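structure for this input, please:
(one chain, ligands or ions: 1)
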Amino acid sequence: MFFHSVQERRITLSAALVLALLAAVTGMATWWLTVSQSKAWVARSLELTLSSHVALVEREIREHEAVVLALTQDEAVQRALDRLARAPRDAQALAALRRAVAAVRVSAGYGLRFADGAGRQLAQFGPVSGESQLALPVRGTLPTWIEWADGPRLSSRVELAGGWRGTLTASRAAPLLGALTSGYRGLGQTGEFALCAGKGNDHMDCLPVRLLSRPLRDLPRRVEGEPLPMARALAGEAGFTFARDYRRQWVAAAFAPVGTMGLGAVLKADTAELFVPMQGRLLPWLPLVLGLVLLGALLLRWQVLPLVRQVLVSERRARAMGASLAESEARSRAVLDSVDQGILTVNAKGEVQTYNLAAQRMFGHPPQAVLGHNVGQLIPDACGEDGKCFERLVDSGDATPTATGREMMGRRYDGTVFPLEIRVSRLQCRRQSLYIAAVRDISERKAQEARMLHLAHHDPLTGLANRILLKDRLQQAIVRAARAGDHVGVLFLDLDHFKTINDSLGHQVGDILLKTVANRISGCLREGDTVARQGGDEFIVVLPAVTRFEDVAMVASKILAAVSAPYQINGQALHTGASIGVAVYPEDGQDVDTLLRHADTAMYYAKGTGRGNYQFFAPEMNRAARERLELETSLRHALDRREFHLEFQPIVALDGDVVRSAEALLRWQPGGKAVAPDRFIPVAEETGLIVPIGEWVLKAACAQFKRWQAMGVPLGRVVVNLSARQFAHRNLVSVVRRALDEADCAPEQLGLEITESLLMANPLEAIRVLTVLSDMGIQISVDDFGTGYSSLSYLKRFPIHKIKIDRSFVRDLATDPEDAAIVTAIIAMAHSLDCSVVAEGVETEQQLAFLRERGCDEYQGYYFSRPLPADTLMARLLAPSGAG
Ligand SMILES: Nc1nc2c(ncn2[C@@H]2O[C@H](COP(=O)(O)O[C@H]3[C@@H](O)[C@H](n4cnc5c(=O)[nH]c(N)nc54)O[C@@H]3COP(=O)(O)O)[C@@H](O)[C@H]2O)c(=O)[nH]1
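The predicted structure follows:
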């Protein structure tokens, strides 16, 4: 195939056309240049030639007239004429005239004729014009005309005005004029010189010319409406023109007037003849031009076509590459837009060049407001004072994204700012730096961190500082006080009886109480003071920049008063108090931990001295704390060392004063020295040691009961105290069952005492566990009844058999009508719930009488018996006089 593709054919044909057009234009330009040059040359040549011809004509006429004038003015001729006039036939006179004329050097060709005033001829020398075919008047110095009679002649007729009056007619042949006009031989075959005189306004007479050997008479000055060149010459114009001549042929003609003689001259030649040589010269070049065009076409075919093909191929490749580039760009764009991380690319001038969808969502600015604009509107700190953007954020000069993330602030479209993490890498691209920034909105993370930080440093319930933050604040206060030389007060506050409230009214009430207490404590402090919740019902207050101990005491008093004021929670009036221990920097400790420990110690001391007060730390307090620690340490080994034993206190029926059961009471004698249950049981509870110890008590009590039974001791059951920690333990029921099984006791022979507050701490769970135990046949008693906050609605649902009135109500029965009323109410209420009632701490006859009168079922107390060793109790019960 000649052409490989449509484009190739199109390009080749176009090139060929252009080439041909170029050749044509070049040819035409050459033609035009040549023609115009030729025309100019012809015009100039004709004009020059014409002017020389005109000069010749003019000189011919002037010379003629000069001769004639000389004759008329010559005196010798005048005298000869006078003489001849007087003697017309006088030969001598005629000879004298001939000699006078000859003396004027009149050439031989002249014909002269002298006539007198009447017209009679006096003398004639040579031929004078006769009948002429044409006479062209000449406006010369004399009345002159150019005649044509077988050739041109110049003739003049002059009035002689000297001594003799008459006329002279002088005529001679004008061969020069003949040679110029009819005898013209220049300018090829058609060259002509014409000489004419006007005839009227529209016509003219002309001497014969080369191509027409007869005179032209009455020739119109215009042909086809256009003036003949001669017409313009007769009008006094001189110049060159292309026009039609008298033959209606196109001629190149130069025209000019002959001086002021009223004659016109035209030198002309047919254009056809004039330019034939030129065409003849140009035409041979035409094949050459065509050959060149053909050669060009061939060159185009063989040389340019491959180039065209290359161009087409590279164009196709470029188009393909462009498409691939566009596709790649679209793909890149899609990838960039699909990532959930904001991507920005920024050039060295800080202008944003890429701004993906995630970045648009993040900043909210429309793309047209960002692309090409400075990145500073998105990230105000991105650019330094030197105008460079991102430069200082790049850790690596490579194109690898090794820059570490930094946190900066971004600005949204609405002007709000937000934290962002930015990673910048720099790419060297065509010697230009391009910065690629990956940005991530970290508002959520920051908020989360702030939340975590707050959580890590604050108590979630009260919102107060926690122990960590408190220690930090205390440390700062110590540093500041060390510099200022003043003090820091540390107050350790523990709520009194909070556990009871919490256990009896539930955690929800306890939580509200704690929050209220927190608010009240805060209300007693100044800005700069710190209050923290240490955990449970413990609070710590730090008073920085204290100058006087009295100020600390005053704050402690204020807090005590605030905390002790009544509470209204869920429509219920509550009371609590607090015990506060105070330690002061630097007197009571130089560091955080020592100050806290000493404040804690002082708080324990305050609790031990009757609660509801504050105590400043004193070094002696450390002794008590140390003792407690020692107690706890040895308690841990008490079981292994078999240091525990039980005593039993009889529980007596008021009806008949019979001992029905005995309460097992734990005794501890480390190293043979007894420790009071009030001291070690709370420590056992706090440390959790009460769980294994309580199990031991259960087993020991059951075993003892079994032994008593074997010995015939008349006791219905043995009663064991359960602590809250034991009760909360999952395996309580199995522990009880195992104790019964191991001792081979019936469940009915066991009674369990649980405190009122323990019941109310988690009533539903208590109901579940107690129901199991009760269903087994175990008797359930509520201990310390009246000290907690029992809910009657729950009390009804508990599977309890017995209520034990706390001894604090029994103690003042005889003197305190309020206690008497409470005891009376408890007995009535218990009976209404179908429970029997036991009064504990009965020490006097009066107390016993009161209880008996009120219908109490049983009692327990020193009045009947203190707690006794098992054998002592057995001996008493087996003795004939013992109540049993
Ligand atoms: N969880 C367990 N708690 C136990 C156990 N053993 C004892 N305890 C509890 O320790 C607290 C103190 O007990 P204790 O010092 O043994 O005092 C008991 C009696 O001695 C005392 N009591 C009895 N009658 C009188 C009296 O007339 N006057 C008076 N001032 N005190 C008297 O009461 C204590 C028995 O009280 P209670 O248990 O409420 O019936 C005490 O709370 C014990 O419960 C144990 O094994 N586990």
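
who in the stretch 501-650 of the chain is up against the ligand?
Residues of the stretch 501-650 of the chain lying near the ligand by CB under 6 Å from any ligand atom: Gln649. C-beta: built from backbone N, CA, C; applies to glycine.

for the residue of the stretch 501-650 of the chain found nearest the ligand, what are its contacts?
Ranked by CB to the nearest ligand atom, the top residue of the stretch 501-650 of the chain for proximity to the ligand is Gln649, at 5.5 Å. Shown in contact with Gln649 (CB atoms under 8 Å, 6 or more residues apart in numbering): Ala662, Glu663, Leu665, Gln860, Ser865, Arg866, Pro867, Leu868.

ok, for it, nearest residue in space, not its chain neighbours?
Computed as CB to CB, 6 or more residues apart in numbering, the closest residue to Gln649 that is not its neighbour in sequence is Pro867, at 4.1 Å.

quick one: which of the contacts of Gln649 has the most company?
Among those, Ala662 has the most neighbours (other CB atoms under 10 Å), with 32 neighbours.

quick check: it touching Glu647?
No. Ala662 is beyond contact range of Glu647, at 9.3 Å (criterion: CB atoms under 8 Å).

picking up where we left off before, for the residue nearest to Gln649, grab phi and psi.
Dihedral pair for Pro867: phi -60, psi 140, per degrees, to the nearest 10.

I figured it hits His645, correct?
No. In this structure Pro867 lies outside contact range of His645 using CB under 8 Å: 11.2 Å.

for the record, mean pLDDT for stretch 772-791?
For stretch 772-791, mean pLDDT rounds to 85.

same question, stretch 835-849
The pLDDT scores in stretch 835-849 average 95.

what of stretch 148-168?
82.

top helix in the protein by residue count?
In the chain, assigned by DSSP state H, the helix with the most residues is helix 6-73.

got the residues of this protein near the ligand?
So the chain meets the ligand at 649, 663, 665-666, 677-678, 681, 694, 697, 721, 723, 783-784, 807, 840-843, 860-862, 867 (CB under 6 Å from any ligand atom).

for the closest residue to the ligand within the stretch 301-450 of the chain, helix, strand, or coil?
The nearest approach of the stretch 301-450 of the chain to the ligand comes at Gln448, 45.9 Å away (CB to the nearest ligand atom). Following DSSP: H, G, I helix; E, B strand; the rest coil, the label given to Gln448 is helix.

show only the entries of the contacts of Gln649 found in helices.
With DSSP H as the criterion, helices contain none of the contacts of Gln649.

taking those residues one by one, which sit in strands?
The strands, defined by DSSP state E, take in Ala662, Glu663, Leu665, Gln860, Leu868 from the contacts of Gln649.

quick one: pLDDT of His172?
In this structure residue 172 is Arg, not His. pLDDT for Arg172: 86.

tell me the secondary structure for it?
In three-state terms, and counting by three-state DSSP, Arg172 is strand.

beta partners for it?
Beta-bridge partners for Arg172, by DSSP bridges, are Leu154.

put the alpha carbons of stretch 363-374 into PDB.
This file holds the C-alpha atoms of stretch 363-374, laid out as PDB (Å, rounded to 0.1, in the frame of the first residue of the first chain):
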ATOM      1  CA  PHE A 363     -10.500  21.000  56.100                       C
ATOM      2  CA  GLY A 364     -13.800  21.700  54.400                       C
ATOM      3  CA  HIS A 365     -12.200  24.200  51.900                       C
ATOM      4  CA  PRO A 366     -13.400  23.700  48.400                       C
ATOM      5  CA  PRO A 367     -10.700  22.500  46.000                       C
ATOM      6  CA  GLN A 368     -10.700  25.700  43.900                       C
ATOM      7  CA  ALA A 369     -10.000  27.700  47.000                       C
ATOM      8  CA  VAL A 370      -7.000  25.600  47.800                       C
ATOM      9  CA  LEU A 371      -5.300  24.300  44.600                       C
ATOM     10  CA  GLY A 372      -2.700  26.800  43.600                       C
ATOM     11  CA  HIS A 373      -3.000  28.700  46.800                       C
ATOM     12  CA  ASN A 374      -0.700  28.800  49.800                       C
END
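
tell me which residues in the strand or helix carrying Gln475 are buried?
Gln475 is located in helix 467-484, with elements delineated by DSSP states H and E. Across helix 467-484, burial judged by 16 or more other CB atoms under 10 Å covers Arg467, Leu469, Leu470, Lys471, Arg473, Leu474, Ala477, Ile478, Ala481.

re the thing from before, which among the contacts of Gln649 gets closest to the ligand?
When those are compared against the ligand (criterion: CB to the nearest ligand atom), the nearest one is Leu665, at 3.8 Å.

show me the contacts for Leu274.
Ser38, Val42, Leu187, Gly188, Ala252.

would you format the residues you listed as TSV with pLDDT and neighbour count included?
Shown next, in TSV, are the contacts of Leu274 (pLDDT from 0 to 100; neighbours: other CB atoms under 10 Å):
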residue	pLDDT	neighbour count
Ser38	76	17
Val42	80	21
Leu187	81	21
Gly188	84	12
Ala252	91	26
